[in-house]
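Visitor: below is the structure, and that's it, no one-letter string:
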C-alpha cells in the first residue's frame, strides 16, 4: 500500500506517540546574598553546607561569594572586602 501519492513513502504511525518537550532556557537561581554572606562569614558555614542549604551547585556558591567579596553592597553590606 502506498502513501503520499507515490512521491514520498510515508507510513502510518501505529500505537501511541510520546513526545517530550524540553525547555532550553534554564531559570537562574537567585540566592539571598545577605543570608549567604551571614552564613558564610558570621556563622562560619563551610561551602558544602551552603550547597546543601541553598540547593545549588558549588560553582553557584563560589560565584556569589566572589561577587559579594568584590562588591559588598550587592549583599546589603557596608563593610570593606578586607573585613571578609
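Guide: Okay, I see it. Just so we're clear, the structure is a prediction, and the values are computed from it rather than from any experiment.
Visitor: verify the contact between residue 36 and residue 68 for me.
Guide: Yes - between residue 36 and residue 68 a contact is recorded at 7.0 Å, counting by Cβ atoms under 8 Å. No exception for glycine: its C-beta is placed from N, CA and C like everyone else's.
Visitor: intersection of neighbour lists for the two?
Guide: Between them, residue 36 and residue 68 share the neighbouring residues residue 75, with contact defined by Cβ atoms under 8 Å, 6 or more residues apart in numbering.
Visitor: what mean pLDDT does stretch 62-79 get?
Guide: Summarised as a single mean, pLDDT over stretch 62-79 is 83.
Visitor: stretch 37-49 now?
Guide: 93.
Visitor: ok, residue 49 to residue 73 distance?
Guide: Between residue 49 and residue 73 the distance is 25 Å, computed by Cβ to Cβ, to the nearest Å.
Visitor: kindly report the same for residue 55.
Guide: In this structure, residue 55 and residue 73 are separated by 26 Å, where distance is defined by Cβ to Cβ.
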